[in-house]
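Colleague: sequence? don't have it. structure:
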């Protein structure tokens, strides 16, 4: 699997294009903005998009969803519990910056432990609530798309409506830190990291549960 990272939108959200070699197929993960640029990059890379995957429903991760959904005619997937946020500009916080976003309905709402096969790509869905009610991560082998759950040296914010610091720490500790050290993490913002690096050095995680 090849991965192309695009920094999109005002706060530079990581949009990931995960695909097989040119001529194959792939997915779009967290298209936060700049639909034209994302579509142009897909064309340049030469793969057929088969789905849009969302780690969660905050506005900076979904801004390009309506346009790409219309233009590419591909299904949309997100975690169970995010449906209200995806539909409501108030809940996904896009209304607060004057750019209201409402996403189309998901093809299916995903649950913890589910295997999602999209074209030639297969992901294990890991439910990681905390930064949002129904946030999920997508694991493919030793590649983890972790959205705003876990960052290099940090964790997701928990001061938004529907967030829970306690649930976020539990999600990371119980679901992510049990993965192999060499699992590469592709977060919603900032550089890649590994599970081993975060287990050893992340100040929000050292010492266990912080409340």
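Modeller: Received, thanks. Not measured: the values here are computed from a predicted model.

Colleague: burial of residue 124, as a residue count?
Modeller: 15 (other Cβ atoms under 10 Å). In this view, the C-beta of every residue, glycine as well, is placed from N, C-alpha and C.

Colleague: let me fix that: residue 39
Modeller: For residue 39, the count of nearby residues is 18 (other Cβ under 10 Å).

Colleague: pretty sure residue 170 is in a helix, no?
Modeller: Yes - assigned with DSSP: H, G, I helix; E, B strand; the rest coil, residue 170 falls within a helix.

Colleague: thinking it is in contact with residue 149, fair?
Modeller: No - assessed by Cβ atoms under 8 Å, residue 170 is found out of contact with residue 149, at 11.2 Å.

Colleague: more crowded one of those two?
Modeller: Higher neighbour count among residue 170 and residue 149: residue 149, with 28 against 15, using other Cβ under 10 Å.

Colleague: quick check: the gap between the more buried one and residue 89.
Modeller: Residue 149 sits 23 Å away from residue 89, taking Cβ to Cβ, to the nearest Å as the criterion.

Colleague: which residues touch residue 15?
Modeller: Residue 15 sits next to 5-8, 28-32, 34, 38, 64 when contact means Cβ atoms under 8 Å, 6 or more residues apart in numbering.

Colleague: and which of those residues is nearest to residue 124?
Modeller: Residue 124 has its nearest neighbour among the contacts of residue 15 in residue 29, at 14.3 Å by Cβ to Cβ.

Colleague: OK, contacts around the closest one?
Modeller: Shown in contact with residue 29 (Cβ under 8 Å, 6+ apart): 15-18, 52-55, 138, 145.

Colleague: JSON lines for the residues you listed, including pLDDT?
Modeller: Below are these laid out as JSON lines (pLDDT from 0 to 100):
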{"residue": "15", "pLDDT": "98"}
{"residue": "16", "pLDDT": "98"}
{"residue": "17", "pLDDT": "98"}
{"residue": "18", "pLDDT": "98"}
{"residue": "52", "pLDDT": "98"}
{"residue": "53", "pLDDT": "98"}
{"residue": "54", "pLDDT": "98"}
{"residue": "55", "pLDDT": "98"}
{"residue": "138", "pLDDT": "98"}
{"residue": "145", "pLDDT": "98"}
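
Colleague: just the buried residues out of these, in PyMOL syntax.
Modeller: For the buried members of the contacts of residue 29, the matching PyMOL selection, counting by 16 or more other Cβ atoms under 10 Å, is:
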select buried, resi 15+16+17+18+52+53+54+55+138+145
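
Colleague: show residues contacting stretch 147-167.
Modeller: With contact meaning Cβ under 8 Å, 6+ apart, stretch 147-167 is reached by 30, 55-56, 58, 61, 85, 91, 93, 128-133, 135-137, 168-169, 171-172, 176, 185, 187-193, 197-198, 201-205, 209-211.
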